[in-house]
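Visitor: Got a sequence here, can you build the structure:
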Amino acid sequence: MGREQWKKIWVGSAGNMVEWFDWFVYATFAVYFADAFFPKGNETANLMNTMGIFAVGFFMRPVGGWLLGRIGDRKGRKAALTLTVTLMSASAILIAAAPTYAVAGYGGVAVLLVARLLQGLSVGGEYAASATYLTEASDPKKRGFASSFQYVSMTAGQLIGLGLQIVMQRSLSDAALHSWGWRVPFIVGALGAAVVFYLRRSMLETEVYEESDAARDEDRGTLKALWAHKREALLVMALTMGGTVAYYTYTTYLTKFLSKSAGMDKSTASLVSFCALFVFMCVQPLAGALSDRIGRRPLLITFAVGSTFLTVPIMTMLKHAGTFWPAFGLALLALLVVTGYTSINACVKAELFPTGIRALGVALPYALANALFGGTAEYVALWFKKAGAESGFYWYVAGCAAVSLVVYLTMRETRDIDLHRVKDEPLRTQAAPVPTN
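Guide: Numbering: from 1, shown residues only. Sure thing, here's the model as predicted:
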């Protein structure tokens, strides 16, 4: 992989890291600011309300997927990536400055809601824009490896957020964190977004997009063009379902699960998540490179089988882990299983569509699946907990993985598709040889 390609991957990944830092710190710091925006009362109910607003951000992701996917296909990947980080910076500033319930009543909730709507718009386009950019910018024989840096950067953003939380937990009192400390990560996120905006202004467009006839196609990036590839769009939704539920269960929800259900103190729970996520981040490129050798489907199938049959025992044992090492081992096992999905899902989805509809084709169906399953995962978990049937959530996660397993078993291999030669006919008419090595 040449120096120019590494530069494109670095710039795309750096922005993705900041985007997902801002997205995830809302979830990781929610335990500290949930009571700030609602009347004093039931702590679990306030956390549910706060995570309900978190879920609203996911429901804006389809709108962001459509809008920014359209821009990415019509104006270029660079234009979409620059706009996403601008929206994210604005949302971080709003959350950092949001008034509490004691100051403005439910006015603070309104500001929080607007900020999450902006975040939903931004991330709805960021995933597809970065997935498309990283896939197109890489060596055709190393697309799995290159696109794996999307989840490297996503996880790095979350690790920075968790690391900041751990430092603040050890340097500030619990009262200070609940009072004003939770605003700090959003200020950091806004500053980081400003830096990335500068970097993205000078980033290079991908050769696949520049050399494609799609740049002159009037239907590029439109719903009409996407409708011609509705089979692939439905495939993206189905293959995303199990992966996104499992991912959010073992990332954003894990810390709260360990503290609220397993009885760990917040700092230990955060440390478990940090250490497990660090190892998870490091193995993404290895799994991506493996997919370049053996194909995408074997990794996806391994993930789905593992999540279907291991989720219930892993979550059950996590609830009774008690101390750091057992919890770390179980969390790491779960995340290694999820790696079969996270390391390659970006390139698999990008490989399904031709250049003129690639950004929108990835963005909209992926965002819809996340709105239905990823964004609601924590809320569903808390609902089961409040209903006194927490184990029901474990079966829900396993069931979603089982549905995706059926899709993985029946879909075709995408590793050997030439992005330069994929035309505007539906993918089912394209020759895509199944690797035999």
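
Visitor: can you give me the helices for the stretch 1-150 of the chain?
Guide: With helices called from DSSP state H, counting those that start in this stretch, the stretch 1-150 of the chain shows them at 3-28, 30-33, 43-59, 61-74, 77-97, 101-104, 107-137, 143-147, 149-171.

Visitor: So which of those helices is the most surrounded?
Guide: helix 143-147 (a mean of 29; mean count of other CB atoms under 10 Å). Heads up, the C-betas are built off the backbone N, CA and C, glycines and all.

Visitor: Need the nearest residue in space to M264, chain neighbours excluded.
Guide: L258 (4.6 Å; CB to CB, 6 or more residues apart in numbering).

Visitor: downstream neighbour of the one helix or strand that neighbour maps to in the secondary structure list?
Guide: Assigned by DSSP states H and E, L258 falls within helix 252-260. Sequence-wise, the next helix or strand downstream of helix 252-260 (DSSP H and E) is helix 266-294.

Visitor: Sort out which residues of the helix or strand that that following helix is followed by are buried, please.
Guide: Later in the chain than helix 266-294, the nearest helix or strand by DSSP H and E is helix 297-319. By neighbour count with 16 or more other CB atoms under 10 Å, helix 297-319 contains the buried residues 297-308, 310-311, 314-315, 318-319.

Visitor: Give the full set of residues in contact with the closest residue to S130 other than its chain neighbours.
Guide: Leaving aside its sequence neighbours, S130 sits nearest to N16 (CB to CB, 6+ apart; 4.7 Å). By CB atoms under 8 Å, 6 or more residues apart in numbering, N16 lies in contact with 126, 130, 150, 153-154, 157.

Visitor: what's the lowest-pLDDT member of the residues you listed?
Guide: For those, the weakest pLDDT value sits at E126, with 85.

Visitor: so it touches L81, yeah?
Guide: Yes: taking contacts as CB atoms under 8 Å, E126 lies within contact range of L81: 7.4 Å.

Visitor: list the helices and strands the lowest-mean-pLDDT helix or strand in the chain packs on?
Guide: In the chain, no helix or strand scores lower on mean pLDDT, DSSP states H and E than helix 43-59, which sits at a mean of 73. Applying 3 or more CB pairs under 8 Å, 6 or more residues apart in numbering; DSSP states H and E, one finds that helix 43-59 contacts helix 3-28, helix 30-33, helix 107-137, helix 377-386.

Visitor: and those as CSV, adding distance to A350?
Guide: Converted to CSV, those look like this (distance: least, CB to CB, whole Å):
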stretch, distance to A350
helix 3-28, 12
helix 30-33, 32
helix 107-137, 4
helix 377-386, 24
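
Visitor: Quick one: closest of those helices to I357.
Guide: Closest to I357 of the helices and strands packed on helix 43-59, according to CB to CB: helix 107-137, at 10.4 Å.

Visitor: Could you check how far that closest one is from the centre of its chain?
Guide: Remark: helix 107-137 is offset 10 Å from the chain centroid, using CA atoms, centre = their mean, to the nearest Å.

Visitor: the inter-axis angle of that helix versus helix 61-74?
Guide: Angle, helix 107-137 to helix 61-74, by axes from the mean of the first three to the mean of the last three CA atoms, to 10 degrees: 40 degrees.

Visitor: Need the residues that contact stretch 229-236.
Guide: With CB under 8 Å, 6+ apart, stretch 229-236 has contacts from 226, 349, 352-354, 357, 361-362, 364-366, 369, 407, 411, 426-428.

Visitor: Pull out the buried positions in that stretch.
Guide: Those would be 229, 232-233, 235-236, for stretch 229-236 by 16+ other CB under 10 Å.

Visitor: CA-only coordinates of that stretch, as CSV, when you get a sec.
Guide: Extracted in CSV, the C-alpha atoms of stretch 229-236 (Å, rounded to 0.1, in the frame of the first residue of the first chain):
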residue,chain,number,x,y,z
HIS,A,229,-30.5,-1.8,-6.3
LYS,A,230,-33.2,-2.5,-3.7
ARG,A,231,-32.0,-6.1,-3.3
GLU,A,232,-28.6,-5.0,-2.3
ALA,A,233,-30.1,-2.3,0.0
LEU,A,234,-32.2,-5.0,1.8
LEU,A,235,-29.1,-7.1,2.1
VAL,A,236,-27.3,-4.3,3.8
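
Visitor: No further questions, thank you.
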